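Chemist: quick one, fold the following:
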Amino acid sequence: MPSLPGHVSDPTQNIGDYPTDIPKVNRQLRNPYRSYDNQQERRNFGETLQEEDEVLAVFTPDVHTHVTPGKAALHLLFAGLALYAVALIGYFTFEPLQAVRRTYPNGLEEELGGVNKARSD
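Modeler: From the prediction side, this is the model:
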């Protein structure tokens with residue numbers, strides 16, 4: 001298979017003459033209002049695919065460019081701290097039961113009519 005014009009092949013890769021210098025750009029980042037041959041996948045007919053095309057297609061997990069990983073970790077930390085604060089507030093404001101629990105002098109067995117007795121309701 002001859003190499004495509006304008007592209008470079010890397011002999012150390014096990015993909016033959018397929019070009020290896022195609023940039024890894026997710027198609028979600030392409031302009032959705034531009035006219036494409038395949039509008040849904042945002043690609044044109046005859047366009048050379050990247051080797052890892054299935055990872056860079058439109059229907060892969062979303063690309064988030066508005067939050068950096070450090071900022072996302074900070075958001076997660078703040079959410080955890082907020083949950084911990086709510087748990088602490090609940091722990092320190094909890095009041096024990098204000099009533100005295102009912103006790104039975106001989107246990108519930110006698111109150112319910114003895115061992116293996118059917119209830120007469």
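
Chemist: quick check, central residue of this protein?
Modeler: Pro61 (9.4 Å; CA atoms, centre = their mean).

Chemist: looking at this protein, which helix is longest?
Modeler: When the chain is scanned for its longest helix (criterion: DSSP state H), the result is helix 69-93.

Chemist: which residues are contacting it?
Modeler: Contacts made with helix 69-93 from outside it, assessed by CB atoms under 8 Å, 6 or more residues apart in numbering, are listed as Val67. Quick note: C-beta positions are derived from backbone N, CA and C, even for glycine.

Chemist: run the last query once more with 10 Å
Modeler: The set of residues that contact helix 69-93 without belonging to it, under CB atoms under 10 Å, 6 or more residues apart in numbering, is 64, 67-68.

Chemist: avg pLDDT for it?
Modeler: Averaged over helix 69-93, pLDDT sits at 96.

Chemist: for stretch 114-121, same thing?
Modeler: 62.

Chemist: so what's Val63 up against?
Modeler: Taking CB under 10 Å, 6+ apart as the contact definition, Val63 lies against 25-29, 56.

Chemist: could you redo the last one with a cut-off of 6 Å?
Modeler: When the contact criterion is CB atoms under 6 Å, 6 or more residues apart in numbering, the partners of Val63 are 26, 28.

Chemist: please state the backbone phi and psi of it?
Modeler: When read as degrees, to the nearest 10, the backbone of Val63 gives phi -90, psi 120.
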